[in-house]
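**Q** below are the sequence and a predicted model for it; my questions follow.
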Amino acid sequence: MAITAPSVPSATGRRKRAVVRVRLTPGTGEITINGKAADRYLGRATLMQIVRQPFDATNSVGRFNVTINAFGGGLTGQAGAIRHGIARALVAADESLRQVLRKAGLLTRDPREKESKKYGRKRARKRFQFSKR
């Protein structure tokens, strides 16, 4: 018989090019991103507000310590991915929170991606200036 470690709710969150792995442990509400405190890593209060949305929606502020491994994309994309990952991890921890998080729109992945550049153009849609003569 194999000995299993106590289950730690974990989830993956994605937005734009950012991919995030989130692990929840019972604790005091500390959020650590890539080994740094969340407010030092993200730098802006608005991004911290985005990250805390799942906890505010479920009234579980300060119940979990969150360990996050984030890579890819920029800070805004990573903040959105963290929000998505935390919401999914909360559902893994307590299935009764699904309806609250779904209603708040936190379980839906934002499908918008950057459009790829086209050949013969400067960017995805921008064209060179037209010259009649």
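**A** Yep, that arrived.
**Q** report how many residues lie close to Val22.
**A** The tally of other residues near Val22 (other C-beta atoms under 10 Å) stands at 29. Just so you know, the C-beta spots here come from the backbone N, C-alpha and C atoms, and that holds for glycine as well.
**Q** nearest spatial neighbour of it, skipping sequence neighbours?
**A** Gly85 (3.6 Å; C-beta to C-beta, 6 or more residues apart in numbering).
**Q** wait, a helix at the one you found?
**A** Yes. Applying DSSP: H, G, I helix; E, B strand; the rest coil, one finds Gly85 inside a helix.
**Q** show the contacting residues for it.
**A** 11-13, 20-22, 68 (C-beta atoms under 8 Å, 6 or more residues apart in numbering).
**Q** of these, which is the nearest to Thr28?
**A** Ile68 (16.0 Å; C-beta to C-beta).
**Q** tell me the bridge partners for the closest one.
**A** Val22, Ile33 (DSSP bridges).
**Q** please renumber the chain so that the first residue is 486 from this point on.
**A** Okay, residue one is now 486; in that scheme the one you just asked about reads as Ile553.
**Q** what ranges do the helices span in this protein?
**A** With helices called from DSSP state H, the chain shows them at 523-527, 530-543, 560-578, 583-588.
**Q** same list, these, but as JSON lines with mean pLDDT and distance to Arg608 please.
**A** Formatted as JSON lines, the helices of the chain follow (pLDDT from 0 to 100; distance: least, C-beta to C-beta, whole Å):
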{"stretch": "helix 523-527", "mean pLDDT": "93", "distance to Arg608": "28"}
{"stretch": "helix 530-543", "mean pLDDT": "93", "distance to Arg608": "26"}
{"stretch": "helix 560-578", "mean pLDDT": "94", "distance to Arg608": "19"}
{"stretch": "helix 583-588", "mean pLDDT": "94", "distance to Arg608": "36"}
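**Q** out of the ones you listed, which is closest to Lys611?
**A** The nearest among the helices of the chain, by C-beta to C-beta, is helix 560-578 at 22.2 Å.
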